[in-house]
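>>> Take this sequence and fold it.
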Amino acid sequence: MTPAHRTDKPKAKATAKPEAVRLDRESVEAIAEQVAERLREERPSRWCGTKEAAALLGYSVDWVRQHREELGGERFGNGTRAQIRFDVRKLEAFAAASRSGREIEARSKRQPRRQRSRRADLLPIRGRTEP
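Next up is the predicted model:
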């Protein structure tokens, strides 16, 4: 067996230095705004328990527990006494959506006003006679 011969040439080292990039003020501000927006989106939300979630939504604690999955509640821990925590942003979004839904539902359930007659015949009061 003959030793393997190397046929490829060794790679040349990069000697060129990268050119400096200059950005104008508007470009820097646009980049900063995009970075800030991404950080806001990725910022961890505040978590709250069932009592605070119930107060925020205006429902009972039992209702919040029953609708835990719908509200995005997470169980922290194992067993029957595991803590349930809710992402406040998700609760606020749910509250806003349900408020607008309730307003629409309430408007649709309103009954039209009955027209009152302008003159109604009243029953006489006992013992009184009208002249």
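
>>> Which parts of the chain are helices?
Secondary structure of the chain (DSSP state H): helices at 25-42, 50-57, 61-66, 68-71, 88-109.

>>> Go through those and pick out the most buried.
helix 50-57 (a mean of 18; mean count of other Cβ atoms under 10 Å). Yep, even glycine has a C-beta here, placed from its N, CA and C like the rest.

>>> Kindly format the C-alpha coordinates of that one as PDB.
Taking C-alpha atoms only, helix 50-57 is exported to PDB below (Å, rounded to 0.1, in the frame of the first residue of the first chain):
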ATOM      1  CA  THR A  50     -55.800  32.100  40.500                       C
ATOM      2  CA  LYS A  51     -57.000  34.700  42.900                       C
ATOM      3  CA  GLU A  52     -55.300  37.500  41.000                       C
ATOM      4  CA  ALA A  53     -56.500  36.100  37.700                       C
ATOM      5  CA  ALA A  54     -60.100  36.000  38.900                       C
ATOM      6  CA  ALA A  55     -59.900  39.600  40.100                       C
ATOM      7  CA  LEU A  56     -58.400  40.700  36.800                       C
ATOM      8  CA  LEU A  57     -61.100  38.900  34.700                       C
END
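
>>> when you give positions from now on, start the count at 202
Yes, from this point I'll number from 202; that puts the last item at helix 251-258.

>>> for it, what is the average pLDDT?
Helix 251-258 shows a mean pLDDT of 92.

>>> which helices and strands does that helix pack with?
Using 3 or more Cβ pairs under 8 Å, 6 or more residues apart in numbering; DSSP states H and E as the contact test, the elements touching helix 251-258 are helix 262-267, strand 284-288, helix 289-310.

>>> Now do the second one against helix 251-258, angle only.
Counting by axes from the mean of the first three to the mean of the last three Cα atoms, to 10 degrees, strand 284-288 points 30 degrees away from the direction of helix 251-258.

>>> Now do strand 284-288: which elements does it pack against?
strand 248-249, helix 251-258, strand 275-277.

>>> buried ones in that strand?
The neighbour-count check on strand 284-288 (16 or more other Cβ atoms under 10 Å) flags 285, 286, 287, 288 as buried.
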